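A.B. asks: I'll drop the sequence and a predicted model, then ask my questions.
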Amino acid sequence: PYEVLVVGGGPAGASAAIYAARKGIRTGVVAERFGGQVMDTVGIENFISVPYTEGPKLVASLEQHVKEYEVDVITEQAATKLKKGELIEVELASGATLKSRSVILATGARWREMNVPGEQEYRGKGVAYCPHCDGPLFKGKSVAVIGGGNSGIEAAIDLAGIVKDVTVLEFADTLRADDVLVKKAESLPNITIIKQAMTTEVLGDDNKVVGLKYKDRNTDETHVLDVAGIFVQIGLIPNSEWLKDSLELSERGEIVIDSHGATSMPGVFAAGDVTTTPYKQIVISMGSGATAALGAFDFMIRN
Ligand code: FAD
């Protein structure tokens, strides 16, 4: 059995594995795809101390750093069940079971997509999901934000300070965001909010986004909006479906953790985008991976 088994190989999982292995304890990592969301990222400009890098390059250094230590890395395997026996057991889709004294869950999250033509093609070429990451790329340009919930309106307010103007498209006839945020957005001269708008297509010139099409659900008319960027803010879904019978999850399905990364099951810790930690970012998930590994180590020396 392992002493620490990390489930997930994104920045949170890699960081947890390195911190655990450096304690000289038997460490394993099991992941569907090493690198996680970073593998899908083009330019990264907010990984502190590295002014610019690219997703696959950062993943290669993460992998190299993990391999400096004796860590068992198992990829292309999905965990499907977490159980507490004498040890903690993680069942895999292959039917195998891995056992460990402590487990760190770092299975990340995925952005909900619009599922309209052009979205995949122009991902990273104008279609963006993270305003903290990609906002500055659209300095002085017009952008759209899809979704009028808290994250959409927060994104609009944030972007309004950087870009030329922001149009928020909300599917429903009301905004779901908190009142204070809506009031703030409405007070800014370069934010326009359009309700009952269903985005139907991302328009591009083969290289980058040039606009989008949306249908006014009231009149059924189709309109074109000229924008250089489209921020999709219709939800971040934690990869925690397989844990709902074994751990305390928040309303949004995030794993509830305390300040040491501990979950509701003794010996099980969690880190990164799959948890209740606010603000989903690479530096933040790496920090929380370190916290969870140190939390797990602390748990083991006391038990
Ligand atoms: P993830 O990166 O999601 O990794 C999860 C890991 O768990 C993966 O290895 C996955 O295969 C594995 N996994 C999931 N479910 C299972 C399972 N059941 N069994 C086994 N393994 C499983 N952040 C920034 O700071 N700067 C940026 O510029 C930036 N740009 C981004 C651009 C895009 C397009 C996207 C999608 C995200 C971006 N982010 C950026 C956010 C950043 O990528 C995430 O905050 C970060 O990757 C979260 O790390 P994580 O380790 O928690 O999860």
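C.D. replies: Okay, I see it. Numbering: from 1, shown residues only.
A.B. asks: Give me the secondary structure label for the residue nearest to Asn207 when sequence neighbours are not counted.
C.D. replies: Leaving aside its sequence neighbours, Asn207 sits nearest to Lys125 (Cβ to Cβ, 6 or more residues apart in numbering; 6.7 Å). For glycine as for every other residue, the C-beta is placed from the backbone atoms N, C-alpha and C. Of the three states, Lys125 takes coil under DSSP: H, G, I helix; E, B strand; the rest coil.
A.B. asks: isn't Lys125 right up against Asp206?
C.D. replies: No. Contact between Lys125 and Asp206 fails when scored by Cβ atoms under 8 Å: they sit 9.4 Å apart.
A.B. asks: out of those two, which sits in the busier spot?
C.D. replies: Taking neighbours as other Cβ atoms under 10 Å, Lys125 and Asp206 compare with Lys125 leading, 17 against 8.
A.B. asks: Tell me which residues touch the more buried one, please.
C.D. replies: Shown in contact with Lys125 (Cβ atoms under 8 Å, 6 or more residues apart in numbering): Gly204, Asn207, Lys208, Val209.
A.B. asks: Buried residues of stretch 111-125, list them for me.
C.D. replies: If you call a residue buried by 16 or more other Cβ atoms under 10 Å, then stretch 111-125 has these buried ones: Trp111, Met114, Val116, Gly118, Glu119, Tyr122, Arg123, Lys125.
A.B. asks: hang on, I meant stretch 144-157
C.D. replies: 144-149, 151-157.
A.B. asks: got the contact list for it?
C.D. replies: By Cβ under 8 Å, 6+ apart, stretch 144-157 touches 114, 131, 159, 166-172, 175-178, 181-182, 184-185, 188, 191, 193, 195, 199, 212, 225, 227, 229-236.
A.B. asks: Just the buried ones from those, in ChimeraX syntax?
C.D. replies: Per 16+ other Cβ under 10 Å, the buried members of those correspond to this ChimeraX selection:
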select :114,131,159,166,167,168,169,170,171,175,177,181,182,184,185,191,193,195,199,212,225,227,229,230,231,232,233,234,236
